[in-house]
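# following is a predicted model, sequence given first.
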There are 4 protein chains.
Amino acid sequence: MTATLFSEMETVRFEGPDSENPHAYRWYDAERVVLGKPLKDHLRFAVAYWHSFAMNGSDPFGGPTIRRPWMDRPDAMQAAHDKADAAFDLFRVLDVPFFSFHDRDIAPEGGSLNESLGNFHTIVDYLGQKMQTSKTRLLWGTANLFSHPRFMSGAATNPDPDVFAYSAATVKHCLDATKALGGDNYVLWGGREGYETLLNTDLGQELDQLGRFLSLVVDYKHKIGFTGQILIEPKPKEPTAHQYDFDTATVYGFLKRYGLEKEVKLNLEGNHALLAGHSFEHEIALAGALGILGSLDINRGDPLLGWDTDQFPINLHETTMALYYVIQAGGLGKGGCNFDAKIRRQSIDPDDLVLAHVGGIDHCARAFLTAARIVEDGRFAGQRDTRYAGWQTADAKQMLDGSMSLEQISAQAEARNIDPQPRSGKQEKLENMLARFF
Amino acid sequence: MTATLFSEMETVRFEGPDSENPHAYRWYDAERVVLGKPLKDHLRFAVAYWHSFAMNGSDPFGGPTIRRPWMDRPDAMQAAHDKADAAFDLFRVLDVPFFSFHDRDIAPEGGSLNESLGNFHTIVDYLGQKMQTSKTRLLWGTANLFSHPRFMSGAATNPDPDVFAYSAATVKHCLDATKALGGDNYVLWGGREGYETLLNTDLGQELDQLGRFLSLVVDYKHKIGFTGQILIEPKPKEPTAHQYDFDTATVYGFLKRYGLEKEVKLNLEGNHALLAGHSFEHEIALAGALGILGSLDINRGDPLLGWDTDQFPINLHETTMALYYVIQAGGLGKGGCNFDAKIRRQSIDPDDLVLAHVGGIDHCARAFLTAARIVEDGRFAGQRDTRYAGWQTADAKQMLDGSMSLEQISAQAEARNIDPQPRSGKQEKLENMLARFF
Amino acid sequence: MTATLFSEMETVRFEGPDSENPHAYRWYDAERVVLGKPLKDHLRFAVAYWHSFAMNGSDPFGGPTIRRPWMDRPDAMQAAHDKADAAFDLFRVLDVPFFSFHDRDIAPEGGSLNESLGNFHTIVDYLGQKMQTSKTRLLWGTANLFSHPRFMSGAATNPDPDVFAYSAATVKHCLDATKALGGDNYVLWGGREGYETLLNTDLGQELDQLGRFLSLVVDYKHKIGFTGQILIEPKPKEPTAHQYDFDTATVYGFLKRYGLEKEVKLNLEGNHALLAGHSFEHEIALAGALGILGSLDINRGDPLLGWDTDQFPINLHETTMALYYVIQAGGLGKGGCNFDAKIRRQSIDPDDLVLAHVGGIDHCARAFLTAARIVEDGRFAGQRDTRYAGWQTADAKQMLDGSMSLEQISAQAEARNIDPQPRSGKQEKLENMLARFF
Amino acid sequence: MTATLFSEMETVRFEGPDSENPHAYRWYDAERVVLGKPLKDHLRFAVAYWHSFAMNGSDPFGGPTIRRPWMDRPDAMQAAHDKADAAFDLFRVLDVPFFSFHDRDIAPEGGSLNESLGNFHTIVDYLGQKMQTSKTRLLWGTANLFSHPRFMSGAATNPDPDVFAYSAATVKHCLDATKALGGDNYVLWGGREGYETLLNTDLGQELDQLGRFLSLVVDYKHKIGFTGQILIEPKPKEPTAHQYDFDTATVYGFLKRYGLEKEVKLNLEGNHALLAGHSFEHEIALAGALGILGSLDINRGDPLLGWDTDQFPINLHETTMALYYVIQAGGLGKGGCNFDAKIRRQSIDPDDLVLAHVGGIDHCARAFLTAARIVEDGRFAGQRDTRYAGWQTADAKQMLDGSMSLEQISAQAEARNIDPQPRSGKQEKLENMLARFF
């Protein structure tokens, strides 16, 4: 292993809010105990292999702007090794506990299925070696079933059953690798599982294919004794015009339909929430209420743009509320905060990549500390509980527990000739209360 | 009964495409048999009481522009009778087979729950009388649980259990009335079942209240022997910032969660689909695939505006595709095409109301005839079936029917070292084929 | 004058960030000198008469929820006096330096034009009396040319010239009143100056009507010696489908077309910016660059909703950036920060109205203090200047000042065979720098 | 020249509406005279070089799916010649009167500015040869100043003056080439002329750079005697977060600011209109009213997606209305209908490309024929004129022509105590009238 882009850089350390060092954490004090455990165990930050090491700045209107040494190596497997060296160097610099990857991020496509699988396992083995001397563990693995032309009409939902089979083989090996590397989760994002036009699409058929595929994965997980979580990552659109895993509520219905709601949880992303017309906190709170919150792809989108900008989060108000609902839902468990965030096309210096992560980690840490103070303060939850206190009476409970029928409730209401009066929702008062924590 | 706004108008008749008479149908030949039954039985058009007789043109930035005689009557119950007279006159003019209403559209709010219920039943009786001499039947009834301040924080989802009880009583009576008037469906649209801010909202509690409420309604339906359909009408936002019945997929998950997916279907609206980020045809096709397509609120929204404009449909391409997927889903059954559409604030003449319906009915009839030709032609469905033909092989079926495991599929794929090739989706070719039907 | 809703309330005072008193300012220390003058003179806060005293909580799906004593008075002119008493009491409670109004907010529509004008002047006189014992001054007046049915097809842009004349008369009197009350600005918001459908609209004709109308107003301003600013408030849509004063850039082009760009400035609103697809800071920065920044309607919209929610601002990041660009543009001058913000429909208690303003004022003060620190720090502006430093060379200046032609520049580029290299835009680094100020 | 992908294909001919031949025009009868001239002279269809010959189906989530023979040639200049051969073969097949190109579509980037210019002129010469035996002429040329990394922070608006110079040289040569090839227009689309974040942007500086650049181009046009039109193509966002040429109104203001409104017109695109929150017909009608309508990029976007999908148009209602306003504006003059439209990523067969154009041409022809019938019928324009008839009176004209002051108009209105009554806007009636033409 030779020198990498990052090998000269020192590990970023916590120096406190007053530090003027741009390469220091001001808020992310990893070992600081909050709500009963260290900050690092709440947040479980991960660096995403694709955005950090494979992304090159190209967009639909222009070619690569970001060039890294490993991108120019003629030998694809050597490039993959170099990339891994650089990746683990960056993990060290950031002192980050986790990383995440797609098969194709770490290893090149081969000339055939078997060669691709071979390439993949070779690099998985190399990552395993790297991990022996690294503190950084695997948050999740996943398969890229959307970039190659063979997937252009879907992977599990492809009209061609051979693509289904190809995808199944790929996921089988990715799951094996994720287990081998001690990953805590396995993620499925259905990049091409959707449609461009209903004119050529059999919606019912494709949904059934997708349901079967997921069942196969769940069965296999149990068979091999993988104890991590299986996660679906919702996204409503892009690249396809309609993606089947639209949002939390849609995936919940899908899981219920195929009897998988106890087997699969969600990996929620801020930008994807936005594209679906939701706030990130809504998606988190809903997943919490439905018992399927798994992990976060923590990033931000631009509400004025209609595509996945995958930016590093910077808005304290929004991130704090997102993490507040994470705490309300009982935390992230085996999940974590994965930076599915990319530096801008114009951020071409290696230091831009480092600073983006330093800023993102610090931002989330600060937001979490703020959310924890809101929780510890308790007034917020208290106000909410007071609002619903009426439902704690015996009469009210009877309406909800099934012991009264519609006509009984109606008869009672008519007998009392009830006239319920509106009560203030106190939104602005609550917003003012919230402002005190920032 | 005295003369109404519409009593001088003659019934609108079918005169064929070449008619220059603006008060004639050019396409809606009610008795014309298509796909095995008369057009009127496919489309089952309904006039919506609220937009046609209660709406006054006011908007958030201005007061009423549309004044009807019954709106100025000082006696609210007399006004309600006059309104009913005018309504049935318009039904006669339009020769429309159905109408639909909320309790509050037909009868005024009283000084108490019991007085409101009394007013309601008085007018329901009057409607019953009117129907004896009318050809127009009731497509669906529903309760307005969103306009009065008592519902400002929700009806079934209100933090105050008395509002839940009040709502239950109201729906009980509306269901009784719908049955009494021979209605084919009962609709629930959750106008305030949502939230303005998560800060004061207990999402899990509110969803459970909503689930219980719907169960109560379904139980009561069976108890009284109402044989119509119970329908939920999805809408993603407006008036609340987030409505619980977001879209087809969300409501499906909700029904599954509370075990009601065999009891309740959907009343889908074009404008609501748009607000949720979907095409109308998507919502219809998905509901068809999930087996929960019930009825349509047929209107159009403006994709450039973010609120419910509820306009009469005018875009042949869009309406044809919507109705094509209705046919694919097996038709509307007990449902129909309800004009949840309102004339513009500037369309203040009574004739505007008549012409809007004539145009809307004719437009939908033409779109349906076009959709039927696409179905009869068969090439479309044929192309689609061909695309998925690979799934008809025995090997492919094995992957879907559960008889192969992930590792078996993977092993087979590796043994064959498969290399599936992309095949054209032929979208433009299909679009050209479609263009021939317009 | 009798007791009002607010007469028992004490004036809200600055108590500093640690105060737990919800009726105290924590950041708004009016006399604190920042960037050379007191905070109050930078921000020039105003309470909006319409949202605070006329708005009743109704929305397109429901009636009034907010009831104030003056709303139930049978005598409209007495109600207007009572409303004024309450308004000035609230101004005192908030210790706010300015207010703003439409003619129709303060005085009721009469039975004719002349009666309406009479009502208006009567109340204007009364406001004049109230102001003699109040510290609160008039930020701006304006005319409501959108609520009454006569304006349903536009005011200045109406197809009926009598509506143009009616509007002209109304604005003439509103401008007279604004001058009489010592107002610093006169605002025109074109609530119905737009179209619902191009089918019945003569775009060129309507734009010319609007241009002429504005010219008439500007001429009259000079004639009567009104030394305040004339402001247009851009909004892209709602209530009409397309509003002519879409955004900053559109209004700039309109002003240039009619030769008014030196006479008229802009009153920019956060929510309107959002509806136009812009950030508030974009609209402010652009107006600054074009020299037409006049004043702010400071509120927030919901990026997930497509209508004007007019909420009180709560997002520190956004408000800070907005005010940063205000400072960059040289400040608000005669303009101010007008709370065109309304409490939510469920916020029905009088205290909700007070707290909303306390929170809004405090939020903006804190954001301004933060923006001022960014300015004083200077590193931000410094980074930007460095980025463009190349344009300070003599050669570069020649390209911009017109002394080189295209072929000369080309010839020189070819002679040098230049190969300009991309330089990092450092967006994430700048975002991290920014985070230090929050 | 050897065989190309299209050399075996026969030229597509007009066969009339009943033809079942997918490779025939059913509506585009090029020589048919409508509104006084042949259809081909109204529509002036052009094939876009980039989407038809350079686009390879890649998107942000996947690599190329579309492979053409010239894309795999190792010698870039030979590939460019082959591509030109194929292009002119497709032009012949489609019998299309025009094409359009960017420098980079037709010729490869070289190792330096001068080499790139050399490559470009070599291929321009070759195109000139091809055109000698082709009926297809050049609608417009343009420069790609957005794909290469050097343009990542803008071309004319780059912080680096050398990029400005590089861009100037490139445009100079593209304009030379456009003139040499007899092009009717030269287009500027500012793909990177905008910003990603205001944090590193000097808005005023960049707008001035852009204004100067455009002035240089206009001056050079006159100097070399290029008699075609200079066109700006508005787009609001993508690739940048904010593009300076946002929409028609914005560009109009920009032209006025730099005194270029008589020198430059607009090339309007349907998808760009949509991204800006406008209908295509709005942008066309507004450009017509402002006298700056130049040409059309005729395509469609997806109102549910937030990026440029650049699809072939298929919605008759929308295209008809767009072309109706083109006719109202006096037609396209030297402009045309350029298919800035690309086949879908899954449409990988060469025949997909042919059919897409056949469908698009036929669709537009049919829409134009429909629009022409609406114009010839005259009732539409008649209804509109009637609506504004009041402005034809002498009194009304006085208000508009500047001969009355605000106080005179007001005095007259008060003297008459006018009470203008609302009149129906008849939107639904007009929509019904319109439906008759489809």
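That came through, no problem.
# check contacts around residue A:233.
When contacts are counted by Cβ atoms under 8 Å, 6 or more residues apart in numbering or on different chains, residue A:233 touches A:187-190, A:245, A:266-269, A:272, A:297. Placement of C-beta: from N, CA and C, glycine included.
# please apply the same query to residue A:160.
A:153, B:390, B:420, B:423.
# quick revisit: among the contacts of residue A:233, which ones are in helices?
Counted as lying in helices by DSSP state H, out of these, are residue A:272.
# can you list the residues of the stretch 301-438 of chain A near chain C?
Where the stretch 301-438 of chain A comes near chain C, counting by Cβ under 8 Å from any Cβ of the partner chain, the residues are A:303-304, A:312, A:314-318, A:343-344, A:346-349, A:351-352, A:355-356, A:358-359, A:362-363, A:422-429, A:431-436, A:438.
# my error: substitute the stretch 51-200 of chain A in the last question.
By Cβ under 8 Å from any Cβ, the residues of the stretch 51-200 of chain A that approach chain C are residue A:65.
# same thing but at 10 Å, please
A:57, A:65-66 (Cβ under 10 Å from any Cβ of the partner chain).
# chain C: which of these is nearest?
The nearest member of these to chain C, counting by Cβ to the nearest Cβ, is residue A:65 at 6.0 Å.
# how close does that closest one sit to residue A:344?
Going from residue A:65 to residue A:344 by Cβ to Cβ, to the nearest Å gives 9 Å.
# what ranges do the strands span in chain A?
Under the criterion DSSP state E, chain A contains strands at A:33-34, A:37-38, A:45-48, A:98-102, A:137-142, A:185-188, A:194-195, A:229-232, A:242-243, A:264-269, A:293-297, A:337-339.
# and those: which comes nearest residue D:208?
Closest approach to residue D:208 among the strands of chain A (Cβ to Cβ): strand A:337-339, 38.0 Å.
# just the residues contacting the closest one, thanks.
Outside strand A:337-339, the residues that touch it by Cβ atoms under 10 Å, 6 or more residues apart in numbering or on different chains are A:42-48, A:51-52, A:94, A:96, A:98-100, A:139-140, A:185, A:187, A:233, A:267, A:269, A:295-299, A:310, A:312-313, A:319, A:322-323, A:326, A:356-357, A:360-361, A:364-365, A:368.
# point out where the stretch 1-150 of chain A drops to low pLDDT.
Scanning the stretch 1-150 of chain A for pLDDT under 70 picks out A:1-2.
# count the neighbours of the residue of it found nearest chain B for me.
Relative to chain B, the nearest point of the stretch 1-150 of chain A is residue A:149 (4.7 Å; Cβ to the nearest Cβ). Residue A:149 has 20 neighbours, counted by other Cβ atoms under 10 Å in any protein chain shown.
# is it in contact with residue D:66, as I believe?
Yes. At 9.0 Å, residue A:149 counts as touching residue D:66 under the criterion of Cβ atoms under 10 Å.
# what residues are shared contacts of the two?
With Cβ under 10 Å, 6+ apart as the test, residue A:149 and residue D:66 both reach B:422, D:57-58, D:345-346, D:348.
# please check those residues and keep the buried ones.
Among these, those scoring as buried are B:422, D:57-58, D:345-346, D:348 (criterion: 16 or more other Cβ atoms under 10 Å in any protein chain shown).
# centre of the chain to stretch A:335-354, how far?
Stretch A:335-354 sits 15 Å away from the centroid of its parent chain (Cα atoms, centre = their mean, to the nearest Å).
# average pLDDT across that stretch?
Throughout stretch A:335-354, pLDDT has a mean value of 98.
# if we can go back for a sec, so which of the residues of the stretch 51-200 of chain A next to chain C reach chain D?
Contacts with chain D within those, as defined by Cβ under 10 Å from any Cβ: A:57, A:65-66.
# looking at the residues you listed, which is nearest residue B:259?
Nearest to residue B:259 among these: residue A:57, at 50.5 Å, using Cβ to Cβ.
# what sits against the closest one?
Contact analysis of residue A:57 by Cβ under 10 Å, 6+ apart lists A:63-67, A:342-348, C:422, D:149, D:152.
# before we move on, the earlier item: distance to residue B:209 for the shared contacts of residue A:149 and residue D:66 - can I get that in TSV?
What follows is these, written out as TSV (distance: Cβ to Cβ, whole Å):
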residue	distance to residue B:209
B:422	49
D:57	49
D:58	49
D:345	45
D:346	45
D:348	52
